[in-house]
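**Q** Sequence and predicted structure, then a few things I'm wondering about:
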Number of protein chains: 2
Amino acid sequence: MALEHAILVSLTERAGSGYELARRFDRSIGYFWPATHQQIYRVLRRMDEAGWVTHTEIAQEGRPDKKVYRVSAAGREELTRWLAEPVEPAVLRDGLSVKLRGASLGDTSAVLREVERHRAEHAGLLEVYRGIQRRDFPKPDRLNGRQLHQYLVLRGGVRAEESFVAWCDEVIQALRSERTP
Amino acid sequence: MALEHAILVSLTERAGSGYELARRFDRSIGYFWPATHQQIYRVLRRMDEAGWVTHTEIAQEGRPDKKVYRVSAAGREELTRWLAEPVEPAVLRDGLSVKLRGASLGDTSAVLREVERHRAEHAGLLEVYRGIQRRDFPKPDRLNGRQLHQYLVLRGGVRAEESFVAWCDEVIQALRSERTP
DNA sequence: AGGTGCAGTGCAACTAGTTGCATAGGTAGG
DNA sequence: CCTACCTATGCAACTAGTTGCACTGCACCT
């Protein structure tokens, strides 16, 4: 019961179709709450039946018709209710750490290459975040309300990726000097 | 297909029962690969059927009998196979960020209290990690093999929690000065 | 002419994970 | 004495999430 709320937040920011929501989950909100288009479509239907959202079918030329969803009064109520209740701590599932922990049972240099690969991916994501930060929040001192909150979430992403990259560097250095003592 | 591998890593470090594994997942490996006892029991059975592990029933006095699992040759083979293949990037699901992003749609001060609560929890976890670090790895310069890898995973935990706590502090400060401008 | 990719929704079948409960004896505390 | 917790395993029913596929029509590239 929480993809619902991520969708409510996103739809409150702007109404949209399932497809559009899936794009947003790919580019922004999905960085901290991932979801596939399938899951989104399914949950949207459930939310529609529960009355949290309404939809309008929009006929389009040259491309398929779409259903634009918007948050209803009941949805806004549910969202404020959820915002006031405690939320469980973040869940992390990191296969790389499992691998590292078992590295000595296999080919350590393959694990090292994996860490290097992940380092590159996370460094890329960090650049994406920093790009958004430069473009959308060039003067972060004067923000408030929704803009401030979006900025703060982005800051979390930047910090997390910086920390991940730094960890990768530490691991890479340690594994390299282990291989050539 | 990855809880299997986390279990293989843990059972290779030391054989144990489902219950013992569940304890370990609560205290160490579960910090980056969470699992409930139910899931562990189910997967253990599947791994047993697949021949990756074997079990011996141990009769005990005063407490229930237990099944001690150990990794078989096929299990070790599977583990080395998995260690050599690429692993998907870590998945994070952070409800607090969703909340923060939607904070202006509800009671912002309730969200602030939530951030403070999470800060305290993560600071506590950080202390746990640092305690393990002091106790188990007082001289990290001379480690290698399994010990080094375990230490590096722990370092990842320390870094992640430090970063999370620092982010919470940034958020708390920003939300406070937003409320009293 | 043929392939790829985007926009758009969705079904079917699957795997993974959660929650609640059951059982049972021992141990510790109020 | 009663409650609560620990050790130990597990069933049943549920919710969540993944993977693979289908269909339409346009645009773009080769």
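**A** Alright, I've got the coordinates.
**Q** Alongside DNA strand D, which residues does chain A contribute?
**A** Taking CB under 7 Å from any atom of the strand as the criterion, the neighbours of DNA strand D within chain A are A:1-3, A:34-36, A:38-39, A:42-43, A:62-64. All C-beta atoms are positioned from the backbone trio N, CA, C, and that covers glycine.
**Q** Quick check on the residues you listed: which are buried?
**A** Among the residues of chain A next to DNA strand D, those that count as buried by neighbour count (16 or more other CB atoms under 10 Å in any protein chain shown) are A:3, A:35, A:43.
**Q** Near chain B, list only the ones from the residues of chain A next to DNA strand D.
**A** The overlap between the residues of chain A next to DNA strand D and the neighbourhood of chain B (criterion: CB under 8 Å from any CB of the partner chain) consists of A:2, A:34.
**Q** Any regions of chain A where pLDDT drops low?
**A** Counting by pLDDT under 70, chain A shows low-confidence ranges at A:1, A:179-181.
**Q** Mind naming the longest helix for it?
**A** Residue-count comparison of every helix in chain A, with assignments taken from DSSP state H, identifies helix A:145-179 as the longest.
**Q** For that one, list every residue counted as buried.
**A** For helix A:145-179, a neighbour-count test (16+ other CB under 10 Å) marks A:148-168, A:171-172, A:174-175, A:178 as buried.
**Q** tell me the angle it makes with helix B:145-179.
**A** Put simply, helix A:145-179 runs at 160 degrees to helix B:145-179, going by axes from the mean of the first three to the mean of the last three CA atoms, to 10 degrees.
**Q** Give the other helices and strands that helix A:145-179 contacts.
**A** Packed against helix A:145-179, as judged by 3 or more CB pairs under 8 Å, 6 or more residues apart in numbering or on different chains; DSSP states H and E, are the following elements: helix A:108-136, helix B:95-101, helix B:145-179.
**Q** Taking helix A:108-136 as reference, get the angle to that helix.
**A** Angle of helix A:145-179 versus helix A:108-136, following the same axes, to 10 degrees, is 160 degrees.
**Q** Wait, a strand at residue A:70?
**A** Yes. Counting by DSSP: H, G, I helix; E, B strand; the rest coil, one finds residue A:70 located in a strand.
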